[in-house]
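sequence first, then the predicted structure:
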Number of protein chains: 2
Amino acid sequence: MPQYLSTLDPDFETAFTALLSAKREDSPDVDEVVQAIIADVRARGDAALIELTARFDGLELTQDSLRISAQEIDEAATQVSSEDRAALELAAERIRAYHVRQLPENAMWTDPDGASLGWRWTPVQAAGLYVPGGTAAYPSSVLMNAVPAKAAGVERLAVTVPAPGGRLNPLVLLACRIAGVDEVYRVGGAQAIAALAYGTETIAPVDKITGPGNAWVAAAKRRVFGKVGIDMIAGPSEILVIADAQNDPDWIALDLLSQAEHDESAQAILITDDESFGRAVEQALEARLQGLMRRDIAAASWRDFGAVIIVRDMEEAAALSDRIAPEHLEICCAETEAVAAKVRHAGAIFLGPMTPEAAGDYISGPNHVLPTARSARFSSGLSVLDFLKRTTLSRLTPGALAALGPAAERLAQAEGLEAHGLALRARLDRLNGPEAG
Amino acid sequence: MPQYLSTLDPDFETAFTALLSAKREDSPDVDEVVQAIIADVRARGDAALIELTARFDGLELTQDSLRISAQEIDEAATQVSSEDRAALELAAERIRAYHVRQLPENAMWTDPDGASLGWRWTPVQAAGLYVPGGTAAYPSSVLMNAVPAKAAGVERLAVTVPAPGGRLNPLVLLACRIAGVDEVYRVGGAQAIAALAYGTETIAPVDKITGPGNAWVAAAKRRVFGKVGIDMIAGPSEILVIADAQNDPDWIALDLLSQAEHDESAQAILITDDESFGRAVEQALEARLQGLMRRDIAAASWRDFGAVIIVRDMEEAAALSDRIAPEHLEICCAETEAVAAKVRHAGAIFLGPMTPEAAGDYISGPNHVLPTARSARFSSGLSVLDFLKRTTLSRLTPGALAALGPAAERLAQAEGLEAHGLALRARLDRLNGPEAG
């Protein structure tokens, strides 16, 4: 049974603060192991990858079989039903249509002083995408990472996916094909991250690594950060639903469960202005829970981290939501748009009863890789910007340098950076000298 | 004496690879000390800050004197000459004018299926800016961090700056005032980062921390990352100048020196298509070096990490530049624009002989906080985007859900996420049911 909190309770603030700061995840300390794995891959390349894959994935590889061939991907694709293929293709098309709109514009202008200023965006040249193996191998996540990378213009996109015992998910391989992934390797764990960051004989190094993974993968990403770029380190998933009594309790219950079923550490919270609606959602959730395949996971998440918060009004709901800074926020109430306009910190907002988060996870178009653990206070979901970087541009005319240079020289002197000042002074003297006219 | 490389040399590739991978910085391993400092500040708040400041900065503080008062800032401002003040104000104004152009637009559109999609940018609510003490206390860096934060709409901007022995740089305090900084605290080191991330009785926690610092500060930023956002961890500064023989060797020499004087680990590289021009720059540099106040630092940088690379043509220069992925790139040649158009990986490009990097460091407008150590391959300089985050928005109509829901349901089933599928199915059944019409 989840916690019930009410803003009318005198101890609400204490209980809410405890809910916010509840530690939901205990990451094992694998940093030393990961450090050794990375060092091994750097030192021995493919040989280390092959040995580690035999040890951790029970899979014997050779240099020739590290990479999954186009033929294998073709064969995997034939195992996917035409309906599943069509669904993947529709999802990819919609994700692409959303993300190309994020492509930022270059700019260049000349200001009144004669300084031409601007910037230019260019894609990361090579990116690596980590795809987890086993039950967490989600083809939708392949699309959510690979489609924005390709939309950004990444030339070379390499995927690593572990194949425990040789098993691969045909839908994952088909998603790679549909998204335009260039290379797929059957390696996983910290060794895959090391290979992407530093390169081996078979896997050329990339410039940026994205994608979810377990504690070993996360620790490896932290370690290689700096050598390459990485995306965020995602924590367990979360949903906050703000709903009034006009909703079907069963729908809201299912939306809460679709986060709870991800992970025992996932968190599903309902905020409502009607306590009896809150109770009705809880009952509907318990009823749905019984029949779920992933019942044990969802029940543990709901029991340990679920919450129902009763508020006086939706204004209060929006304020609490900002303190939670949820990864996913569903708003289903009479004043949906007004409440949404008040919210400042959320990874994604789903508006109205016909926009279940499950639609957003797959097909709406926005990215489902979103900031967790209250990091929506300072970070954003994955986008094409994660695969682009910006170069600033400037060009001064002699007139602009004459106008601006003396102030720059003064600041350089104030900071004790003499050569900076001289670099300006040498030019200013020329401009002011006999040759200037 | 710097290295000379030529692309005509048979061993060029080996020498160039060695230059690229030269380790310029040995960071002391301070992680354990930093971990203890952070734990102490979390546990004891202001008391820990006061004790650590006495120990490391030789400065006795009380809870009342942790914060630098408005009156102290006023008094510091009176110590700054009107010329320096005018230079700071001009710089702030130009940095602001550049950065407000970076403010991204919100978007919302409805696609043919009836899905309304988009995103909204909102500022980080509270940001912290670390300003180093001592000789590295650069008022220009205060502007380069604080002005974009305020342009992004950050409500609360707190600065921490160590005051060893009580000494503070009046220009730094004035820069805080000009940039609209809301709070300034006289603490530094890992303890300042801990206070910004976790809060103490006197310093409220922030959501994002930016700004340069020494090894302790960098290690602390890595540790608090996740709890708060951080900017990049900057390495030693770099400049690459691409110049032909039409340039004044003295100007180019001074531009190289204005990086070399920053730090013994800084790196200054010249690429030219004319060896005798390369020699002339070297001679000019040696001549200028003798008179510099920071001669020892600049000489060590130039000796240990400086290089002159002779290329066949400027096409080759652009290709090498992309492999270096320099923080700062100056291009001064007959085909400046054409060469610049070929470059993909650089933090900032300075075009033409009247645009010395020193102008960009202070007054041009673009940010001087830029990616170092080849990270321009995957990251960008500081911008207003570092102080904003994006929330995605979606709203499906019943028609949109009817069109898209079945594909999402199919993908949910393929991924074994039953509740996701049911959340869609419950709604689709209603739409298809007797009430649907």
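On my side now, so go ahead.

please make it C-alpha for all contacts and neighbour counts, starting now.
OK.

how many neighbours does A:Met13 have?
Let me fix one detail, which is that residue A:13 is Glu and not Met. 13 (other Cα atoms under 10 Å in any protein chain shown).

just the element for the nearest residue to A:Gln413 once chain neighbours are set aside, please.
Computed as Cα to Cα, 6 or more residues apart in numbering or on different chains, the closest residue to A:Gln413 that is not its neighbour in sequence is A:Gly421, at 6.2 Å. Here A:Gly421 sits within helix A:418-432, counting by DSSP states H and E.

now that helix: average pLDDT?
Here helix A:418-432 scores 96 as its mean pLDDT.

could you list the buried residues of it?
A:Glu418, A:Ala419, A:His420, A:Gly421, A:Leu422, A:Ala423, A:Leu424, A:Arg425, A:Arg427, A:Leu428, A:Leu431 (16 or more other Cα atoms under 10 Å in any protein chain shown).

thinking again about what came up before, dump the residue contacts of the residue nearest to A:Gln413.
Going by Cα atoms under 8 Å, 6 or more residues apart in numbering or on different chains, A:Gly421 touches A:Ala408, A:Glu409, A:Arg410, A:Ala412, A:Gln413, B:Ala358.

tell me which of those fall in helices.
With helices taken from DSSP state H, the overlap with these comprises A:Ala408, A:Glu409, A:Arg410, A:Ala412, A:Gln413, B:Ala358.

tell me how far the residue in the stretch 51-200 of chain A positioned nearest to chain B lies from A:Tyr138.
Nearest to chain B, among the residues of the stretch 51-200 of chain A, is A:Ala87, at 4.7 Å (Cα to the nearest Cα). A:Ala87 sits 14 Å away from A:Tyr138, going by Cα to Cα, to the nearest Å.

same deal with A:Ala334?
Remark: distance between A:Ala334 and A:Tyr138 (Cα to Cα) = 35 Å.

do A:Val184 as well
According to Cα to Cα, A:Val184 stands 15 Å off from A:Tyr138.

same question, A:Ile331
26 Å.

more crowded one of the two?
A direct count of neighbours by other Cα under 10 Å for A:Ile331 and A:Tyr138 places A:Ile331 higher, at 26 against 21.

regarding that one, which helix or strand does it belong to?
Assigned by DSSP H and E, A:Ile331 belongs to strand A:328-332.

before we move on, what about A:Leu285?
Assigned by DSSP H and E, A:Leu285 falls within helix A:275-291.

same question, A:Arg120
Secondary structure from DSSP H and E places A:Arg120 in strand A:115-123.

any idea which helix or strand comes after that strand?
Strand A:115-123 is succeeded, C-terminally, by strand A:126-130 (DSSP H and E).

sheet-wise, list the partners of that following strand with their directions.
strand A:156-160 (parallel), strand A:208-210 (parallel) (DSSP bridges).

ok, back up a step: quick one: average pLDDT of the helix holding A:Leu285?
For helix A:275-291, mean pLDDT rounds to 97.

what's the angle between it and helix B:418-432?
120 degrees (axes from the mean of the first three to the mean of the last three Cα atoms, to 10 degrees).

which strands and helices sit next to the following helix or strand past helix A:275-291?
Using DSSP H and E, the next helix or strand after helix A:275-291 towards the C-terminus is helix A:295-305. With contacts taken as 3 or more Cα pairs under 8 Å, 6 or more residues apart in numbering or on different chains; DSSP states H and E, helix A:295-305 sits against helix A:249-260, strand A:267-272, helix A:275-291.

quick one: which of the ones you listed is nearest chain B?
Judged by Cα to the nearest Cα, the one of those that comes nearest to chain B is helix A:249-260, at 4.8 Å.

who touches the closest one?
Helix A:249-260 has contacts (Cα under 8 Å, 6+ apart) with A:237-241, A:243, A:266-270, A:277, A:280-282, A:284-285, A:288-289, A:297-299, A:301-302, A:356-358, B:417-420, B:422-423, B:426-427.

need the buried ones from those selected in ChimeraX.
To isolate the buried members of these in ChimeraX, using 16+ other Cα under 10 Å:
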select /A:237,238,239,240,241,243,266,267,268,269,270,277,280,281,282,284,285,288,289,297,298,299,301,302,356,357,358 /B:417,418,419,420,422,423,427
